[in-house]
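1. Next come a sequence and a model predicted from it.
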Amino acid sequence: MDDVVETIGRFSITGIAQSQLWNARHWTFLSSLLESTPKMDIGREFSSPSPRVLKDPYAFYAQLRKMGPVIPITHPVLGKGYLLTRNEDVFSALKDPRLVNNRANAVEGAAGLLERWWIPGILRLLQKIMLMQDEPDHRRLRDLIHKAFTPRMLERLTPRIDELVDELLDKAAKKPVADLIDDFTLPLALNLISEMLGVPEHERLFFWRAQSRLVEGLASGNVSGLILAYPTAIRLARFFRRLIALRREQPGDDLTSALIRAEQAGDRFTEDELISMIFMLLLAGHDTSMNFIGNATLALLDHPAQLQKLHDHPELIDSAVEELLRYAGPVGHAAPRFAREDVEIQGYKIPKGSLVLMLFESANRDEAAFVDPDRLDITRTPNRHVALGYGIHYCVGAPLARYEGRSAFLKLVRRFPNMRLAVPRETLIWRKNLAMHGLKSLPLHLSPSSARS
Ligand code: HEM
């Protein structure tokens, strides 16, 4: 019980108490918590997470699962909503057409989440990305991307991924202390997605810095943060227009040129949709992979026997990647969904218009779905994780993400079986974001023991 109190001591559960369908068993459990804990505010954790939750979100999610499958919250930005904590419910909700991604399809007359006057124009364009669309718009955009982002493109890319992994590890190995994020996962993920999209080399760092500043400004939720982000937003918009103009003039075999060809082939794809598609791919394609490889490497360091097993049995790589996605996947929760009619989940009534947040990291550690869920086991089977989503919004980049992970982990453990943390574990700093869970830096002694192979 002490554990429970410690972990959730700082959140308010007023919202939970108001649930009409809160049953007696849960209430008894929560009452016992209330007696011994200060106020809790679960909803706030999803916009400004506390350091304790950032450090160990899994302990927080374990407590949420104990509270129940459906938890009412008030999200400071998105309003009244419900968290889904269990694996089975998350999978079925991701297939439920009554839960939509575009808020305007759930609440008549409502603006999309990003269609607010104070949001910089470039971010308002993100409202058009397919992750924020429902059928039929989503299908139209997804078909276009499938035409451009083909298995052949990935096939062409795999030797380049292996080459880049080796080049970056060669450089990192020369440092007494390498930062796995700055020296490896960030340049790997950013360069790959940039090469895929045809972003010139000298623009890549600009894009990365600008998007970080912009996303931080927006996430800060305060007006001064947003005002400071405006000049960056303008520069970022110019960057996208430059990229599209360049690829219109000098088409290549990159994804941007392929999308432009798709745009030119018919009138089904507007210039704004093109910009938002490229923006989404650049964002989704580097942030996720970069955090995944960082989190997963730390997980292997935390489980030296599993690291050794992968070193001795590289043929286990495919199941290792799946287990690392389950155990250390970076996407904490799905993009917000909204109920377009009253929906009942596990006996809980979710009224029309409500926000629904599906907790992927909780679903991936659900004791009802996995034996010993907090144990990393690279031979785990079956392994029904939701780290790459499910249903119509299933990750477009899944084959690329898997291949990047495969190449990175194989080469890391083969070349540096004795790698170790260069700082005490408890001093590692996590990004202030529960939706995208990742490390700011991961200082390592790589101690090269073998040449590249
Ligand atoms: C380890 C790396 C990655 C992880 C963990 C990841 C995870 C996810 C998840 C969980 C979703 C579904 C979100 C939801 O339903 O709310 C998603 C969607 C998406 N991902 Fe990934 N992703 C990764 C890499 C990539 C890469 C490399 C790309 C691009 C090349 C990409 C592009 C996308 C796109 C475009 C969507 C939206 C699909 C749609 O709405 O139909 N992802 N990803």
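-> Sure thing, it's come through.
2. quick one, what contacts the closest residue to the ligand within the chain?
-> Taking CB to the nearest ligand atom, the ligand has its nearest neighbour within the chain at Gly397, 2.2 Å off. To be clear about C-beta, it is placed using only N, CA and C from the backbone, and glycine gets the same treatment. Applying CB atoms under 8 Å, 6 or more residues apart in numbering, we find Gly397 in contact with Phe149, Leu281, Ala284, Gly285, Thr288, Ser289.
3. When you compare pLDDT across these, which one is lowest?
-> Ranked by pLDDT, those bottom out at Phe149, which has 83.
4. Using CSV, list the CA coordinates for stretch 257-270.
-> C-alpha atoms of stretch 257-270 as CSV (Å, rounded to 0.1, in the frame of the first residue of the first chain):
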residue,chain,number,x,y,z
SER,A,257,8.6,13.8,-55.0
ALA,A,258,6.3,10.7,-55.0
LEU,A,259,3.6,12.7,-53.0
ILE,A,260,3.9,15.6,-55.4
ARG,A,261,3.4,13.2,-58.3
ALA,A,262,0.3,11.9,-56.6
GLU,A,263,-0.9,15.5,-56.0
GLN,A,264,-0.4,16.3,-59.7
ALA,A,265,-2.1,13.1,-60.9
GLY,A,266,-5.5,14.3,-59.6
ASP,A,267,-7.2,17.0,-57.6
ARG,A,268,-7.6,14.8,-54.5
PHE,A,269,-4.6,16.2,-52.6
THR,A,270,-4.3,19.9,-51.7
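5. contacts with the ligand among the contacts of Gly397, please.
-> Leu281, Ala284, Gly285, Thr288, Ser289 (CB under 6 Å from any ligand atom).
6. Turn the buried ones among those into a named PyMOL selection, would you?
-> Buried residues among the ones next to the ligand among the contacts of Gly397 (16 or more other CB atoms under 10 Å), as a PyMOL selection:
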select buried, resi 281+284+285+288+289
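7. about what we covered before: export the contacts of Gly397 to TSV and tack on secondary structure?
-> Formatted as TSV, those follow (DSSP: H, G, I helix; E, B strand; the rest coil):
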residue	secondary structure
Phe149	coil
Leu281	helix
Ala284	helix
Gly285	helix
Thr288	helix
Ser289	helix
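8. Dump the residues you listed into CSV; add distance to Leu141 as well.
-> Formatted as CSV, these follow (distance: CB to CB, whole Å):
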residue, distance to Leu141
Phe149, 12
Leu281, 11
Ala284, 13
Gly285, 16
Thr288, 19
Ser289, 21
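9. Name the nearest of the residues you listed relative to Lys128.
-> When these are compared for distance to Lys128 (CB to CB), Leu281 wins out at 13.2 Å.
10. circling back to that earlier point, from the ones next to the ligand among the contacts of Gly397, which two are the most distant?
-> Leu281 and Ser289, at 11.9 Å, using CB to CB across the ones next to the ligand among the contacts of Gly397.
11. Next to the ligand, which bits of this structure? Give me the list.
-> Residues of the chain lying near the ligand (CB under 6 Å from any ligand atom): 130-131, 142, 193, 280-281, 284-285, 288-289, 292, 329-331, 334-335, 387-389, 393, 395-397, 400-401.
12. Got a quick PyMOL command for the buried subset of those?
-> Listed next is the PyMOL selection for buried residues among the residues of the chain next to the ligand, using 16+ other CB under 10 Å:
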select buried, resi 130+131+142+193+280+281+284+285+288+289+292+329+330+331+334+387+388+389+393+395+396+397+400+401
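13. Which of the residues of the chain next to the ligand fall within helices?
-> In helices, judged by DSSP state H, the following of the residues of the chain next to the ligand are found: Arg142, Ile193, Met280, Leu281, Ala284, Gly285, Thr288, Ser289, Phe292, Leu400, Ala401.
14. Can you tell me the closest non-neighbouring residue to the fifth one?
-> In space, and not counting its chain neighbours, Ala284 is closest to Gly397: 6.5 Å by CB to CB, 6 or more residues apart in numbering.
15. buried residues in stretch 91-102?
-> Phe91, Ala93, Leu94, Asp96, Arg98, Leu99, Val100, Asn101, Asn102.
16. Just put those in TSV and tack on secondary structure and pLDDT.
-> Below are the buried residues of stretch 91-102 laid out as TSV (DSSP: H, G, I helix; E, B strand; the rest coil; pLDDT from 0 to 100):
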residue	secondary structure	pLDDT
Phe91	helix	98
Ala93	helix	98
Leu94	helix	98
Asp96	coil	98
Arg98	coil	98
Leu99	strand	98
Val100	strand	97
Asn101	coil	96
Asn102	coil	93
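17. bridging residues for the residue nearest to the spatial centre of the chain?
-> The residue lying closest to the centre of the chain (CA atoms, centre = their mean) is Val331, at 2.9 Å. Assessed by DSSP bridges, Val331 has beta-bridge partners Met436.
18. Could you tell me the model confidence score at it?
-> Val331 is given a pLDDT of 97.
19. list the contacts for it?
-> Contacts of Val331 (CB under 8 Å, 6+ apart): Thr288, Phe360, Glu361, Ala387, Gly389, Ala435, Met436, His437.
20. which two in those are spaced the farthest apart?
-> It's Gly389 and His437 that sit farthest apart of the contacts of Val331, by CB to CB, at 15.1 Å.
21. Helices of the stretch 251-400 of the chain, residue ranges please.
-> 255-265, 271-302, 304-312, 317-328, 360-363, 398-415 (DSSP state H, counting those that start in this stretch).
22. just checking, which of those sits deepest inside the structure?
-> When the helices of the stretch 251-400 of the chain are scored by mean count of other CB atoms under 10 Å, the highest mean neighbour count falls to helix 360-363 (a mean of 27).
23. distance between it and the chain's centre?
-> The gap between where helix 360-363 is centred and where its chain is centred comes out at 12 Å by CA atoms, centre = their mean, to the nearest Å.
24. in this protein, which ranges drop under the pLDDT threshold?
-> 1-40, 111-120, 122-123, 217-226, 266-268, 448-453 (pLDDT under 70).
25. at 50 instead, please
-> 1-38, 450-451 (pLDDT under 50).
26. What segments of the chain are strands?
-> 70-75, 79-84, 99-100, 178-179, 337-339, 343-345, 348-350, 355-358, 420-421, 443-445 (DSSP state E).
27. Tell me the helices and strands packed up against the fifth one.
-> Using 3 or more CB pairs under 8 Å, 6 or more residues apart in numbering; DSSP states H and E as the contact test, the elements touching strand 337-339 are strand 99-100, strand 355-358.
28. can you give me the offset of the last one from its chain's centre?
-> Taking the mean of its C-alpha atoms, strand 355-358 sits 15 Å from the chain's own mean (CA atoms, centre = their mean).
29. Provide the strand pairings for that strand, with the direction of each partner.
-> strand 79-84 (parallel), strand 337-339 (antiparallel).
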